[in-house]
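Asker: The sequence isn't on hand, but the structure is:
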């Protein structure tokens, strides 16, 4: 097969994959109602939510890491519980000028950069330290606005809020339904710290 034919086959393959994907992707506007298309939280929604939490990598940052036999790994006994409240960190090291701008704690739950220090949130349904008192509307408003509960402080890096805004209303409802089913972990995550220069 010559190069022109290979390129033509590749292009057709890409178009064949991209066209259905573009039809399936729904990007709601930021002003969309957080409860529009809300799911009832049934078995299918919970399974879909678990799938979305898994492929979106939520455990990568919201589950503290521990050292395992093969190196660092998520500590699933503290699944999605955020930065451990009993882990005291010193001030983040100052990086020299250059292309490196971020420090990360060994737990992968605390990050420092130009925005200050951020700590990953407790996503478990604990009513005092997690999402237990949140509504689906609060959760969706947080993702849509990039602000805590849709009206509070800004959601800071490394949370990929710009990407997560592309979840559909049904996706967010499913994620929230799943998060309501995971084990409760009481863990009060610290508030973010401002940049040292302030």
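Answerer: Received the coordinates, thanks. Please read all numbers here as calculations on a predicted model, not as lab measurements.
Asker: Disregarding residues adjacent in the polypeptide, which is nearest to the residue nearest the centre of the chain?
Answerer: Nearest to the geometric centre of the chain sits residue 58, at 4.7 Å (C-alpha atoms, centre = their mean). Leaving aside its chain neighbours, residue 58 sits nearest to residue 80 (6.4 Å; criterion: C-beta to C-beta, 6 or more residues apart in numbering). The way it works is simple: take the backbone N, C-alpha and C, and place the C-beta from them, glycine included.
Asker: could you list every residue that touches the one you found?
Answerer: Each residue near residue 80 by C-beta atoms under 8 Å, 6 or more residues apart in numbering is listed here: 53, 58-59, 62-63, 122-124, 179, 182, 185.
Asker: just residue 50 next, same as before
Answerer: residue 178.
Asker: Report pLDDT for it.
Answerer: Note on residue 50: pLDDT of 98.
Asker: three-state assignment of residue 111?
Answerer: Assigned with DSSP: H, G, I helix; E, B strand; the rest coil, residue 111 falls in the strand class.
Asker: and it, how far is that from residue 193?
Answerer: 11 Å (C-beta to C-beta, to the nearest Å).
Asker: anything in contact with each of the two?
Answerer: residue 117.
Asker: Report how many residues lie close to residue 146.
Answerer: For residue 146, the neighbour count with other C-beta atoms under 10 Å is 17.
Asker: Over to residue 45?
Answerer: 20.
Asker: what does residue 123 give?
Answerer: Neighbours of residue 123 under the rule other C-beta under 10 Å: 25.
Asker: Give me the distance between it and residue 112.
Answerer: 21 Å.
Asker: now swap in residue 141 and tell me
Answerer: In this view, residue 141 and residue 112 are 27 Å apart by C-beta to C-beta.
Asker: how about the helices of this structure, start to end?
Answerer: Secondary structure of the chain, counting by DSSP state H: helices at 3-24, 43-55, 58-62, 136-145, 161-164, 169-179.
Asker: Please pull out the lowest mean pLDDT helix or strand from this structure.
Answerer: Least confident element among the helices and strands of the chain, by mean pLDDT, DSSP states H and E: helix 3-24 (a mean of 37).
Asker: Low-confidence regions, this protein specifically.
Answerer: For the chain, the stretches with pLDDT under 70 are 1-41, 197-198.
Asker: Could you find the closest non-adjacent residue to residue 92?
Answerer: residue 112 (3.6 Å).
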